[in-house]
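model this:
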Amino acid sequence: MSMHLRSFTRACLTLGFFISSGFLLQAETQLIGSGATFPAPLYSRWISDFNQSSNPDASHYFTVHYQPIGSTAGVKEFVEGHTDFGASDYAMSDEEINKMGGNVLMIPATAGMVTLAYNLDHIAGIENGLKLSREAYVGIMLGTVSKWNDPMIAKNNPGIVLPNLPITVVTRSDSSGTTSCFTSHLSEVSSTFNFQVGSGKSVDWPVGISAKGNAGVAALIKQTSGAIGYIEYGYALSNDLPMARLQNKAGNYLAPSMKSGIYALSSIVLPKNLRGFVRDPQGVNDYPITTFTWLLFKRTYFDPEKQDAVRSFLHYALNNGQDYSPGLGYLPIPTLVMEQINARLKNIYHHNSVAVGD
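Prediction:
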């Protein structure tokens, strides 16, 4: 018997052993994605849970992999076909959707708050944080309010001895949805900011130092005395950074919280493509800087197994996955908004019955 024939015979016998012994060889379908850092801690938890529970005893199972490289880079990789899905805090533009021939499904997967976290050791323990008026936090980001004891800050914080310390503003160095959300709010609040800086995923900040990603900004704030920067709520929580109470449109000063964040998002009516923003919510109990963040899928995948994997992961994200949001500092999708999502998806997404794509 030739060597090649003996090798083939051994392979057949080995395969027969696994089959006869009840060990079925499992087939795996992988979903590869990248994008926003804003929801990355939550998505990491989702993916770990989903990968462990995705039909572990079945003959076919799904696994998801995600790299938090920023919204802009994630959308670019998705549009260019390098990944199976993307994630963005600013969804996708019409131009980006058109590059994919409209074969895009944008799902608000979770939501969060952009906070102004700061590093002032001697007042870090003050309950609920410093109060910053709209004029004060716009001034800080423009560089016109440059000392912590500036009258613009002091007048709303009576009884607190503010230091004669320069304010070090920390911004994002990479193009990001977090920056887009934050600058859209500032531009809505201040015509001066809109004229001098404007809004977008990347802007020319007139002041400050920068770091990459929410994690990078949080780390730089934490190590820099007198720093203040904009980061997602969960990153501020996990780094034990105090967060300012910001003045909302109704004039109230609110700390970021599950309650104030959900209030701000609950009134939004999403358009048909599910891409909607709340740039300056009006309610008395609304935290002023909130945003949805989107998972981006194709409406139709040529590989039916990949389409099934998308359907299964979407089902998990919109159901079980929402339970993890509060514990990690994210806002579960409000009931009224989830109803809008389900109404849009009723002919597109039915778990274990119809593939994603109408």
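
okay, CA-based contacts and neighbour counts for the rest of this
OK.

Low-confidence ranges, this protein, go.
The chain contains residues with pLDDT under 70 at 1-26, 54-60, 124-127, 347-358.

Can you show me the helices along it?
3-20, 40-53, 71-79, 94-99, 134-142, 151-154, 177-189, 191-196, 213-223, 233-238, 258-266, 304-318, 335-345 (DSSP state H).

just the angle between the second one and helix 213-223, please?
Here helix 40-53 points in a direction 130 degrees away from that of helix 213-223 (axes from the mean of the first three to the mean of the last three CA atoms, to 10 degrees).

any idea how far helix 40-53 is from the chain center?
From the chain centre to the centre of helix 40-53 is a distance of 14 Å (CA atoms, centre = their mean, to the nearest Å).

ditto for the fourth one
Here helix 94-99 shows a centroid-to-chain-centroid distance of 21 Å under the convention CA atoms, centre = their mean.

Tell me which of the helices of the chain approaches Thr290 most closely.
helix 258-266 (6.4 Å; CA to CA).

Show me which residues of that closest one are buried.
Neighbour-count burial for helix 258-266, counted by 16 or more other CA atoms under 10 Å, picks out 258, 260-265.

what angle do that helix and helix 335-345 make?
With the same axes, to 10 degrees applied, the angle from helix 258-266 to helix 335-345 works out at 40 degrees.

helices or strands next to helix 258-266 in the packing?
Judged by 3 or more CA pairs under 8 Å, 6 or more residues apart in numbering; DSSP states H and E, helix 258-266 is in contact with strand 290-297, helix 335-345.

Parallel or antiparallel, list what pairs with the shortest one.
What that stands for is strand 290-297. strand 85-88 (antiparallel), strand 105-118 (antiparallel) (DSSP bridges).

most packed of those strands?
strand 85-88 (a mean of 30; mean count of other CA atoms under 10 Å).

still on that earlier bit, could the strands paired with strand 290-297 go into JSON lines alongside distance to Cys181?
Converted to JSON lines, the strands paired with strand 290-297 look like this (distance: least, CA to CA, whole Å):
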{"stretch": "strand 85-88", "distance to Cys181": "11"}
{"stretch": "strand 105-118", "distance to Cys181": "8"}
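
Gln196: which of these is closest?
Per CA to CA, nearest to Gln196 of the strands paired with strand 290-297: strand 105-118, 20.4 Å.

tilt between that closest one and helix 304-318?
40 degrees.

Pull the contacting residues for Leu31.
Taking CA atoms under 8 Å, 6 or more residues apart in numbering, we find Leu31 in contact with 62-65, 83-85, 306, 309-310.

Now that Gly35 has come up, it's in contact with Thr83, right?
No: counting by CA atoms under 8 Å, Gly35 stays clear of Thr83, with 10.1 Å between them.

looking at the helices and strands packed on helix 258-266, which is buried most?
It is strand 290-297: most buried of the helices and strands packed on helix 258-266 by mean count of other CA under 10 Å, with a mean of 26.

starting at the chain centroid, how far to that strand?
6 Å.

Likewise for stretch 193-208?
21 Å.

ok, back up a step: ok, Gly35 and Thr83, which is more surrounded?
Higher neighbour count among Gly35 and Thr83: Gly35, with 30 against 19, using other CA atoms under 10 Å.

what's the spacing between that one and Ala136?
32 Å (CA to CA, to the nearest Å).

Likewise for Asp150?
9 Å.

Between those two, which is the more surrounded one?
More crowded of Asp150 and Ala136, by other CA under 10 Å: Ala136, with 21 against 18.

Is it correct that the more buried one is in contact with Val145?
Yes: using CA under 8 Å, Ala136 is in contact with Val145, at 6.9 Å.

joint contacts of these two?
Counting by CA under 8 Å, 6+ apart, the common neighbours of Ala136 and Val145 are Met152.

Find the nearest non-adjacent residue to Val79, please.
Nearest residue to Val79, sequence neighbours excluded (CA to CA, 6 or more residues apart in numbering): Met100, at 6.3 Å.
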